[in-house]
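# Show me the folded form of this:
(chains A, B, C and D)
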Protein chains: 4
Amino acid sequence: MAPFGFVGIGIMGEGMATCLLNDGRSLVVWNRDASKSEKLKLAFPRLVTVAATAATVVETCAVTFSMLSTLEASQAVFPALVGAVKEGKSIVDCATLTPERMRDMRGAVTLAGGRFLEAPVSGSKAPAAQGALIFLCGGDAALYAEVKPELAVMGKADFLFGDVGAGTKMKLVVNMVMGDMMVALSEGLSLCGAAGLPGDAEAGLLKVLDLGIMSNGMFRLKGPKMLAGDHAPNFPLKHAQKDMRFALNLGDQVGQALPVSAAANAAFLAARAESGDDDFSAVYEQQKAAK
Amino acid sequence: MAPFGFVGIGIMGEGMATCLLNDGRSLVVWNRDASKSEKLKLAFPRLVTVAATAATVVETCAVTFSMLSTLEASQAVFPALVGAVKEGKSIVDCATLTPERMRDMRGAVTLAGGRFLEAPVSGSKAPAAQGALIFLCGGDAALYAEVKPELAVMGKADFLFGDVGAGTKMKLVVNMVMGDMMVALSEGLSLCGAAGLPGDAEAGLLKVLDLGIMSNGMFRLKGPKMLAGDHAPNFPLKHAQKDMRFALNLGDQVGQALPVSAAANAAFLAARAESGDDDFSAVYEQQKAAK
Amino acid sequence: MAPFGFVGIGIMGEGMATCLLNDGRSLVVWNRDASKSEKLKLAFPRLVTVAATAATVVETCAVTFSMLSTLEASQAVFPALVGAVKEGKSIVDCATLTPERMRDMRGAVTLAGGRFLEAPVSGSKAPAAQGALIFLCGGDAALYAEVKPELAVMGKADFLFGDVGAGTKMKLVVNMVMGDMMVALSEGLSLCGAAGLPGDAEAGLLKVLDLGIMSNGMFRLKGPKMLAGDHAPNFPLKHAQKDMRFALNLGDQVGQALPVSAAANAAFLAARAESGDDDFSAVYEQQKAAK
Amino acid sequence: MAPFGFVGIGIMGEGMATCLLNDGRSLVVWNRDASKSEKLKLAFPRLVTVAATAATVVETCAVTFSMLSTLEASQAVFPALVGAVKEGKSIVDCATLTPERMRDMRGAVTLAGGRFLEAPVSGSKAPAAQGALIFLCGGDAALYAEVKPELAVMGKADFLFGDVGAGTKMKLVVNMVMGDMMVALSEGLSLCGAAGLPGDAEAGLLKVLDLGIMSNGMFRLKGPKMLAGDHAPNFPLKHAQKDMRFALNLGDQVGQALPVSAAANAAFLAARAESGDDDFSAVYEQQKAAK
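Predicted coordinates for the structure are as follows:
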């Protein structure tokens, strides 16, 4: 089987690429920090080829997956990718950026004769490593159909929501609901603390919530850490706030008022200066301090 | 075994009393609408005694459970209960009222020589029928220990959080988080609708949410009904809003700012005039209309 | 002219009583801290009689003005007043409490055969001293007509809005709008600060606002002090927050959603622990810190 | 005196140009709808020259004022202006756009060898006609000094806040505070209505507000119209909401949480679909409906 390209071997990309390799696919990889590529090469010497440049990846492969997690990374690397695109080349971009940027990228790729699929993922480091991501796609339906086997290796579900932009929008809605739930939990724990009620998972709020219909993995995973003051970043607060803002801007464009999400965004924003690099659960520290 | 008293055979009380009866306990029951009591008597002729008045229940039984679901019902019936309290009588009140009212009720009962336990429940009609409620107690620790077997028959978990008031406060915190989550889901579904994205549980937002760490029973249960415009009341919106308001007032008392819950309360309040008797999921109709 | 009673010679009451005395009225006065009464006696020896108890004031005078600024003061003193009420006695209460408390006070006074007028004031220390208060009345229309001359001496305007409770409600609405405007200004100044724009009254935001249609005395008075970090209490933040909360509860009762005021209340509440005794402009310190 | 260029003879531009003409300046004008230009020519035949294209204006004049009130208008016309810029040409842009767009426009003008001043105005149709605008400038200090006489003819005050972008940012802060105040008034009037209190300017909330420290021209002007349901557009709601959104995005960039403004924006957004072309006071209709 002809190799796939994979650009961006970071926290997410490493797990995703490893899934493909474990499944027997050959990859031509490139990463800004070459040591990450070499590490992959070491683990899968027969399947991995390390490319000298990002452009080389596209030149060598028919389909290139791109997982550049920030706008800055995307802006730095994407021009090289698109510069190598011509007829027969396809780009599957798995980053979460704005719908506007995704459409611009699609424009550049199709202008060069290639095909483009946006495929932002729901899920973080652990699901990426376990092949349990959720792909929220938008764009070229034929390309989506072609890469479905690879998406199935890296994820547990994938969807095509329509044109480029639709996948990113769905991702923003999902993360908006997630941010709202995080601030809801944070207010609940803060109110417990201020009112002299236990918040813990043994016999406090977290336990009560977990016994009922609202029981969910996020409360179970994050709640005890929040009470312990452990905000080691899994999903950095500044990224959560950025996604909230993008979701609010989407609401603005389509005329949907989102008052609770706007209040949640303000809470994240108030926490950003001090805790931007911590986990988004650190909004709890700011909420508590607000009593 | 001496019979227990049970006052208030409504949506919740019927299920709870039935659980106790199924487990073999004798009950002396009273309800404002006597037909509900008679129905219970018909089902359990050997175990149920229908009392002529609420006071008779307390006079006959050492321990009386009270499940009067609104403040109005509580205000109408409680004086009769307390009028029959004397040494050796205990009241276990399972309603969700304010912490202040619970403390007033405790005061009246203890002044008359009795013992008082607040035991508001988390869970609605179905868990009540299945013996799967969660009891959030506050008050007399000895009484709590004595009725633990009965709480265990009616519920799947019970907690004693401290003095009278603490149980009610925990209930308010739980319902506040629930209200926040409902409005969060509502904003997510509204944004999907406005942005042309699918919301459904097959291949839309509800599906994506259910695949991830936020997956929870409430979204699963309510989400599809919301999209279908089915807001048949399980937990009436006006009650949800009342609990949000009480939680906000608790925050006010203890100095805890709750900006997201305040925004959620405003959303419920805006929907109350039109949809107060519908399920609290009807906040979605108001949010949607707001686009 | 028969003397008027005046109970409560505090920050507000002192100015109000002095206005009446300057206009030639005799007063029988009482204050918890007697030195305040004696000071007034010293300034107007011929017109002021210091009563030994609050009850004596009512016993001596047909009409007693009461200006007890907190709920605690009102609860401590009002029973003595009402204990002396009988037919022919009238109470004019100028405090800002809740509509419910005002109605309870009315009930007690009328039950004892007296008449009751609520007359909360808009305006603080300086307007009180200058006879420039605004009286927002509710209650006995005949009593209102009788004391109109005295209200005119102490204020620049007076209104009768209906039954007891209506005056207090109007006061709460006014203070809610005031609180909203204060947080609006605070957010404006905070955004200027964070964005590197001048906020000052010479050539910054305060100047621009003052040149336009939004120009108002509060921004002019408070703005420069806020920038200077001067929050010497004129209207303590904890009182402003209390009024916001009462207004929100009024909205809750009548079914009016107030999302912006709810957000403003959360801001005041977040600032209360640290700045409750400072001027309500201290909300600016909390907002700034939130960046 | 050499003529000035003036591009954009709309609601605002017409008043501004007329002020300059009344003061004796010659203008070379252009407008997309040529009838507006011809009308001006008819009124000032000796002073007005109607240009055939926007580019001609810049070619003919050293300094061109541009007043294109929407982003769409600016995007349609600005390229023509910049195409005619060369050394010795200056553009003074009076529109309210984003800081980013202003900086892009500055970049294009300076690249072509010209000078650029942003000069967004505070004030609407009437102040424009009366020469009572407030110019909030950013950019070339020398150009600012040169056009100060013209700004003084069109306005009652002008400020230079720094580099291009600073003027627009100040405008956004001012309009954010204005939007907050409008929703505050709207909530006050809505609460009066729901609570059975008068809102009117004779003996209701508007009167009480006007007697106190919060008295301001906007409440005086808009309040009675709002109660009368008159929302004839002076400042269209969709523009007010756009400015709120831009201000919130500025807060996002500089890390300033703005919870009250976020709630106010949500209120405007909820009203936008139905009342976007009405005056921004129409937010009152949506707030009222929310009870």
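
# Below-threshold pLDDT in the stretch 1-150 of chain A: ranges please.
Across the stretch 1-150 of chain A, residues meeting the criterion (pLDDT under 70) sit at A:1.

# Residue of it closest to chain C, please.
Nearest residue of the stretch 1-150 of chain A to chain C, counting by Cβ to the nearest Cβ: A:L71, 21.4 Å away. All C-beta atoms are positioned from the backbone trio N, CA, C, and that covers glycine.

# For the residue nearest to that residue when sequence neighbours are not counted, what are phi and psi?
In this structure, A:L71 finds its nearest non-sequential neighbour in A:L97, 5.9 Å apart by Cβ to Cβ, 6 or more residues apart in numbering or on different chains. Backbone geometry at A:L97, expressed as degrees, to the nearest 10, gives phi -120, psi -160.

# Spit out the contact partners of A:L97.
Going by Cβ atoms under 8 Å, 6 or more residues apart in numbering or on different chains, A:L97 touches A:71, A:74, A:120, A:168.

# Select only the buried ones of those in PyMOL?
Here is the PyMOL selection string for the buried members of the contacts of A:L97, based on 16 or more other Cβ atoms under 10 Å in any protein chain shown:
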select buried, chain A and resi 74+120+168
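
# Just put the contacts of A:L97 in JSON lines and tack on secondary structure.
What follows is the contacts of A:L97, written out as JSON lines (DSSP: H, G, I helix; E, B strand; the rest coil):
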{"residue": "A:L71", "secondary structure": "helix"}
{"residue": "A:S74", "secondary structure": "helix"}
{"residue": "A:P120", "secondary structure": "coil"}
{"residue": "A:T168", "secondary structure": "helix"}
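
# export the contacts of A:L97 to JSON lines and tack on distance to C:A54?
Shown next, in JSON lines, are those (distance: Cβ to Cβ, whole Å):
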{"residue": "A:L71", "distance to C:A54": "69"}
{"residue": "A:S74", "distance to C:A54": "74"}
{"residue": "A:P120", "distance to C:A54": "71"}
{"residue": "A:T168", "distance to C:A54": "69"}
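
# of the contacts of A:L97, closest to B:D158?
A:P120 (44.0 Å; Cβ to Cβ).

# What values do phi and psi take at that closest one?
According to degrees, to the nearest 10, A:P120 has phi -60, psi 150.

# again with A:D279
Dihedral angles for A:D279 - degrees, to the nearest 10 - are phi -60, psi 150.

# for it, what are its contacts?
Contacts of A:D279 by Cβ under 8 Å, 6+ apart are A:222, A:225, A:231-237.

# Mind checking which of those residues are buried?
Looks like the contacts of A:D279 have A:222, A:231, A:233-237 buried, using 16+ other Cβ under 10 Å.

# Quick one: mark the members of those that sit in helices.
Under the assignment DSSP state H, the buried ones among the contacts of A:D279 contribute A:222, A:237 to helices.

# Next, the angle from the helix or strand hosting A:A273 to helix C:259-275.
Using DSSP states H and E, A:A273 falls within helix A:259-275. Interaxial angle, helix A:259-275 versus helix C:259-275 (axes from the mean of the first three to the mean of the last three Cα atoms, to 10 degrees): 30 degrees.

# helices or strands next to helix A:259-275 in the packing?
helix A:166-195, helix A:237-254, helix A:283-289, helix B:166-195, helix B:259-275, helix D:259-275 (3 or more Cβ pairs under 8 Å, 6 or more residues apart in numbering or on different chains; DSSP states H and E).

# could I get these as TSV with mean pLDDT?
Formatted as TSV, the helices and strands packed on helix A:259-275 follow (pLDDT from 0 to 100):
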stretch	mean pLDDT
helix A:166-195	98
helix A:237-254	95
helix A:283-289	89
helix B:166-195	98
helix B:259-275	96
helix D:259-275	96
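
# Would you tell me which of those gets closest to B:F65?
That would be helix B:166-195 among the helices and strands packed on helix A:259-275, by Cβ to Cβ, at 14.3 Å.

# check whether that closest one contacts chain A.
Yes - for helix B:166-195 and chain A, the contact criterion (Cβ under 8 Å from any Cβ of the partner chain) is met by B:166, B:169-170, B:173-174, B:176-178, B:180-181, B:183-185, B:187-188, B:190-195.

# Now cross-check these against chain D and list the overlap.
Within those, nothing lies near chain D by Cβ under 8 Å from any Cβ.

# For A:T53, grab phi and psi.
phi -140, psi 160.

# Please apply the same query to A:L117.
According to degrees, to the nearest 10, A:L117 has phi -130, psi 130.
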